[in-house]
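Chemist: model the following, please.
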Amino acid sequence: YKDNGDGTISDLNTGLMWSKAVDKAKLSLDDAKAVAAKMNLAGYDDWRVPNIKELYSLIDFRGYTGSGFGNMMSSIPSNAVPFINTDYFDFEYGDITSGERYIDAQWLSSTKYVSTTMAGDETLFGVNFADGRIKGYGYRRPGSFRDGKKFFVRYVRGKKYSKNVFVNNGDGTVT
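Modeler: Predicted structure coming up:
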């Protein structure tokens, strides 16, 4: 990574540029897209919500959820290490003072799951940089038909990763 000194971080492997800071206020996908559309950071106005491949490229598998994992509501374990390089990227755990678990640090992607989950809910993919998981999260808060679930957001700019192109080989395998 390269810290550009202007609130952005360049990934020297992928060529993507990321926002360094994180807003403690979590956003729904719709709200995050609206912020990105108006965003001007470091002189660039082409920011967007990352897709899951782009977001997952930031995961650092040296992270550690921490011991004391069973008491997620009262404190962040002293030996917890985020699954993102905090030498470059700002990071937030879930807000335990507002009733969240410290591992409630889900980061939003723009990638929707192609089907539904749970009770037929629309689902999008995200990365949890507190516990190292990539996961599908309901697009709506449980029990709500209107309110979008809220996530931390890190914005990206640059050439999007390409889509997967899979071929059914006709013999039960896919390449």
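
Chemist: could you measure from Ser78 over to Ala130?
Modeler: 14 Å (Cβ to Cβ, to the nearest Å). Where C-beta positions appear, they are placed from N, C-alpha and C, glycine not excepted.

Chemist: of the two, which one has the most company?
Modeler: Ranked by neighbour count (other Cβ atoms under 10 Å), Ser78 and Ala130 place Ala130 first, with 28 against 8.

Chemist: who are the neighbours in contact with the residue positioned nearest the centre of the chain?
Modeler: The centre of the chain sits closest to Trp107, judged by Cα atoms, centre = their mean, with a distance of 2.6 Å. By Cβ atoms under 8 Å, 6 or more residues apart in numbering, Trp107 lies in contact with Leu55, Gly126, Val127, Asn128, Phe129, Phe151, Phe152, Val153, Arg154.

Chemist: if we go to 10 Å?
Modeler: Under the criterion of Cβ atoms under 10 Å, 6 or more residues apart in numbering, the neighbours of Trp107 are 22, 26, 49-50, 55-56, 58-59, 84, 91-92, 126-130, 151-154.

Chemist: can you pull out the strands in the chain?
Modeler: 2-3, 8-10, 17-19, 106-117, 121-128, 133-138, 156-157 (DSSP state E).

Chemist: between those, which gets nearest to Asp31?
Modeler: Nearest of those to Asp31, taken as Cβ to Cβ: strand 106-117 at 9.7 Å.

Chemist: which intervals of the chain have sub-threshold pLDDT?
Modeler: Scanning the chain with the threshold set as pLDDT under 70 gives 68-73, 116, 118-119, 140-148, 162-166, 173-175.

Chemist: can you map out the helices along it?
Modeler: Taking DSSP state H, the helices of the chain run over residues 29-38, 52-56.

Chemist: now find how far off-centre the shortest one is within its chain.
Modeler: In this view, helix 52-56 has its centroid 8 Å away from the chain centroid, taken as Cα atoms, centre = their mean, to the nearest Å.

Chemist: likewise stretch 57-68?
Modeler: The answer for stretch 57-68 is 14 Å, by Cα atoms, centre = their mean.

Chemist: now do the buried residues in that stretch.
Modeler: Ser57, Leu58, Ile59, Asp60, Gly63, Thr65, Gly66 (16 or more other Cβ atoms under 10 Å).
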